[in-house]
Every structure is written in C-alpha cells, then in structure tokens.
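Engineer: here's my sequence, what's the structure:
(one chain, ligands or ions: 1)
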Amino acid sequence: MRPDPLGYLANELQTLRDQSLYRPLRVLDGAQGARASVDHRSVVNLSSNNYLGLTTHPVLLERAQQALRDFGVGTGSVRTIAGTMEIHMALERRLAAFKQTEAAVVFQSGFTANAGTVSSILTRDDAIISDELNHASIIDGARLSRATIKVFPHRDAGAARRILESLPKTQRRLLITDGVFSMDGDLGALPELCALADEFGCIMMVDDAHASGVFGRDGRGTVDHFNLHGRVDVQVGTLSKAIGALGGYVAGSRALIEFLHHRARPFLFSTSHPPSVAATCLAALDVLEGEPGLIARLWDNARFFKAGLQALGFNTGVSESPITPVIVGEAATAMALSDGLFARGVFAQGIGAPTVPPGKARVRTIVTATHTRDDLQYALDMFAAVGAALGIR
Ligand SMILES: Cc1ncc(COP(=O)(O)O)c(C=O)c1O
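Structural biologist: Got it, this is the predicted structure:
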C-alpha cells in the first residue's frame, strides 16, 4: 500500500488537540433559534448570528415556500449567463434603497462579497490600508488582488494616517474596516477613517456583516448609525446573519456594481442563489421595516446580558454591540468554560487562535431578539457557576 500523502494532516490535528484548539462540530438537531437542540441537548443558544430570530420567522417561511412553488429550487446557472431572475433584481433594487445607494449586487455569501470585491477593484499597483482585526474574507481578497497590504493597529486612525502619509498620493488606496468586529463586538473607527478617506482621496469601504439589521435606522448599518451617507464608497452587508438566510451584498455607485458584474469572480463563476433565498431576504427587509420592535428587543436583551456578565466580574472587553466576549486568556480555559456551560444547557462557543490572538481566547456570546429574560438569566446563572468552578473572573 502506498504511504498516505495526506498523513501530515493527522499530525496537524494532533497539534490542535494538544493546544486545546481542536473542536468537533456541534450539530443542531432542529431549527436555529434562541433555544435549540444541539447534539441532542436542549440549550439556550448564545452562538448564532441570528440576531433577530428571522431564521424561523413566519413571514420569511411563507415567502420562501411561495417562491419554491413559483420558481423551483435552483437557478441552474451563474448570474451572468442564465441565472438572473427578476427576483434577484428586485432584491438588489430593494437593498440599494435600504442602504441609500444607487445600486447593489448580491453575492453567494458575505465572504465572497468581500473577497470578490476587494480582489477585483484593486490591482498590484494599488494599496489597501486595513484594520488588523478585519475579517478573513477581506484579508483573502487583499491577497488575491496582489495590492500592497498595509495593516494598522485596531481602530487606530492615527496609525492609518501615518501609513497614508507614507504612500504616494498618485497610488490608488483603499481604506477598509469592519463596521462591527465579530470577535470583540466593538465598532470600527468609521467616522475617523471617512475623514481620512476625504483628506487623502482614498476609496472607503466598510464590511457591515454584523451591523446590518442591528445598527442604524431599521438596521441600515454603521454608515447610517454614524450618518455617513455618501462618504463610504463600498458598503458590504450579509444576508446570512440578522437577515436570517444566506448571501452577501455590495451597495454603492452604479459604476461600481456594473464593474463587479463584469469582474468579481464569485459573481461570474458561481451559481446564483435559489430564488427562495432571494424571496426570503426580500421578506426579511419587509420585517425589518415593518417590525421595529424586533431591533429594540435585541438591544434590550443585549444591554441586560452584557450588564449581567459585567456584574459577575467577567472581562467582556470593549463590546458595543450584541456580541459580548468573555475573555479568559488561554484556549484551554475558554474551551473548559464553553464545555461546562454546554453541560449545563448553555451553548456559547469557545474561540482561540488563530481566530483571536494567542492569550486572548474567549467564549463569545451573541444574544438575539427572541431570547426571553428567563433564557438570559439562566445563562448568566450558569456563567456564574461554571466561572466560579474554574476560578475565572
Ligand atoms: C465581519 C464579517 N464579515 C463577513 C462575514 C462573512 O459573511 P457570510 O457568513 O455571509 O459569508 C462574516 C461572517 O462570518 C463576518 O463576521
């Protein structure tokens, strides 16, 4: 028998086990929700990005089912050949209106929206100036573009300025930040970066994956939250988190969107969303605009839970959003906290390197609009119990 050429992978996995970074997949036995059955255990679920509970909202379910009956289960083609249906166009018109831009284009995911956009609007002659904690999809897009990558310390607009001062003014430069950082729950330095983009003539881009549906009027995101309309050239949002379905989008000028139609590789070379997904997202936008109480409940829950964790003495970092980390330091401690919580009916994932820097391992919590106060109080009680047993404060 020939030796297994992939044998080294088993060694890599063993290294992960040795570092407490090996995580078997948790499996949901039913629907995603504030309470869920995970690995056959009923849990309060603090691990999803289902901020508004839309994954099972009756309006979304009904509209998805109607679209399945009307248009079938798939499109059978990429967008640029035969895979564009009127419902895709309707969703993009609606997203553009929502984000107050000329146009929008939907990708298969937020990941491909970021990676496909950054890699196509920049070339090897250009530069990207990027917050050090920006999402992996931005980093991959930057690498694919072959542009010069300059990273500034997290939220440090002063450092971004110094980088800009060191680059030739004639070079095309893209300034980019996440709107909300997914591991810390803090906001990007968007107003300060927009001021730099104005001063230095840069392209300004924000990834609002965790802000859309959460920040701004009816969940329009951080551009709306900070009232920066017209000053951010490229706005990315996701349809996979607060919107409850799947996909990502770019909102901006018509020229930007038409350019992406012609050059963004995930748009050109991967099949379009099933029409039911587009219908679901359209329904979600109706719900966002028609049920403002949902976002208010999300924020009430977020404030209650964050205050509860802080009152227990946990290090919750610098969060300003419904994402609240409990930072414990070593990966083994984070995994022990996560496992102890799970054994007591609370699902909050432990996260270590490379997703967060070494020594900053954490259990990340995300509350949703559909958690009850009893769910959240129960989770706080379990954090208190498991945290005390592990000596974490
Ligand atoms: C900041 C950020 N951007 C982009 C993405 C990718 O979005 P999607 O899950 O729709 O691919 C994520 C999600 O993991 C994210 O946290």
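
Engineer: only C-alpha atoms from now on, for both contacts and neighbour counts.
Structural biologist: OK.

Engineer: where does this structure have low pLDDT?
Structural biologist: Along the chain, no part satisfies pLDDT under 70.

Engineer: mind listing the strands for it?
Structural biologist: Ranges of strands in the chain, per DSSP state E, are 35-38, 41-45, 103-107, 127-131, 148-152, 173-178, 203-207, 234-238, 248-252, 323-329, 346-347, 350-351, 361-366.

Engineer: quick one, domains of the protein?
Structural biologist: By the assignment in automatic domain parsing, the chain contains the domains 19-48+292-390, 58-290.

Engineer: measure the first one end to end?
Structural biologist: Same thing as domain 19-48+292-390. Between the start and the finish of domain 19-48+292-390 there is a gap of 18 Å, counting by Cα to Cα, to the nearest Å.

Engineer: please apply the same query to the longest one.
Structural biologist: For domain 58-290, the first-to-last residue distance is 14 Å (Cα to Cα).

Engineer: now the domains of the chain as JSON lines including distance to E12?
Structural biologist: Rendered in JSON lines, the data for these read as follows (distance: least, Cα to Cα, whole Å):
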{"stretch": "domain 19-48+292-390", "distance to E12": "10"}
{"stretch": "domain 58-290", "distance to E12": "21"}
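
Engineer: among those domains, which comes closest to the ligand?
Structural biologist: Among those, domain 58-290 comes nearest to the ligand, with 3.4 Å by Cα to the nearest ligand atom.

Engineer: and the closest one, anywhere near the ligand?
Structural biologist: Yes. Interface with the ligand: domain 58-290 contributes 109-111, 135, 178, 181-182, 207, 209, 238, 240, 247-248 (Cα under 6 Å from any ligand atom).

Engineer: just give me the residue right at the centre of the chain.
Structural biologist: Note on the chain: the residue nearest the mean C-alpha position is A209, at 3.8 Å, using Cα atoms, centre = their mean.

Engineer: my guess is it contacts G179. True?
Structural biologist: Yes. The pair A209 and G179 qualifies as a contact (Cα atoms under 8 Å) at a distance of 7.4 Å.

Engineer: nearest to L13, of the domains of the chain?
Structural biologist: Ranking the domains of the chain by distance to L13, with Cα to Cα as the measure, places domain 19-48+292-390 first at 7.1 Å.

Engineer: on that earlier part again, list just the nearest of the residues of domain 58-290 next to the ligand to L193.
Structural biologist: L193 has its nearest neighbour among the residues of domain 58-290 next to the ligand in D178, at 11.4 Å by Cα to Cα.

Engineer: who's that closest one bridged to?
Structural biologist: When bridges are taken as DSSP bridges, the partners of D178 come out as D207.

Engineer: ok, it - how many residues close by?
Structural biologist: Other residues near D178 number 27, with proximity taken as other Cα atoms under 10 Å.

Engineer: before we move on, what about the one 5 residues further on?
Structural biologist: M183 is flanked by 19 other residues according to other Cα under 10 Å.

Engineer: ok, it - contacts?
Structural biologist: With contact set as Cα atoms under 8 Å, 6 or more residues apart in numbering, M183 has these partners: 323, 325, 356, 364.

Engineer: equivalent analysis for I139, please.
Structural biologist: With Cα under 8 Å, 6+ apart as the criterion, the residues that contact I139 are A115.

Engineer: ok, it to G185 distance?
Structural biologist: Relative to G185, I139 is positioned 19 Å away (criterion: Cα to Cα).

Engineer: for L25, same thing?
Structural biologist: Using Cα to Cα, we find L25 at a distance of 23 Å from G185.

Engineer: likewise for P3?
Structural biologist: Distance, P3 to G185, by Cα to Cα: 46 Å.

Engineer: repeat that for Q14.
Structural biologist: Relative to G185, Q14 is positioned 31 Å away (criterion: Cα to Cα).

Engineer: identify the single longest helix in this structure, thanks.
Structural biologist: Using DSSP state H, we find that the single longest helix of the chain is helix 292-311.

Engineer: list the buried residues for that one?
Structural biologist: By neighbour count with 16 or more other Cα atoms under 10 Å, helix 292-311 contains the buried residues 294-295, 297-303, 305-306, 308-309.

Engineer: which of P3 and G185 has more neighbours?
Structural biologist: Just comparing P3 and G185: by other Cα under 10 Å the higher neighbour count belongs to G185, 24 against 6.

Engineer: before we move on, back to that, which one of the domains of the chain lies closest to L9?
Structural biologist: Closest approach to L9 among the domains of the chain is made by domain 19-48+292-390 (12.9 Å; Cα to Cα).

Engineer: that closest one and the ligand, are they touching?
Structural biologist: No. Judged by Cα under 6 Å from any ligand atom, domain 19-48+292-390 and the ligand are separated, with a smallest distance of 10.5 Å.

Engineer: what segments of the chain are helices?
Structural biologist: All helices of the chain, identified by DSSP H, fall at 7-18, 58-71, 86-99, 110-121, 136-145, 157-166, 190-200, 222-225, 254-263, 265-269, 275-290, 292-311, 331-343, 373-390.

Engineer: now the last one, how far from the chain's geometric center?
Structural biologist: Computed by Cα atoms, centre = their mean, to the nearest Å, the separation of helix 373-390 from the middle of its chain amounts to 26 Å.

Engineer: just the fifth one next, same as before
Structural biologist: Here the centre of mass of C-alpha atoms in helix 136-145, compared against the chain's by Cα atoms, centre = their mean, lies 15 Å away.

Engineer: quick one: buried residues of that helix?
Structural biologist: Buried residues in helix 136-145, counted by 16+ other Cα under 10 Å: 137-145.

Engineer: can you check the second one too?
Structural biologist: Buried positions in helix 58-71, judged by neighbour count with 16+ other Cα under 10 Å: 60-61, 63-65, 67-68.

Engineer: what is that helix packed up against?
Structural biologist: helix 275-290 (3 or more Cα pairs under 8 Å, 6 or more residues apart in numbering; DSSP states H and E).

Engineer: sounds good, over and out.
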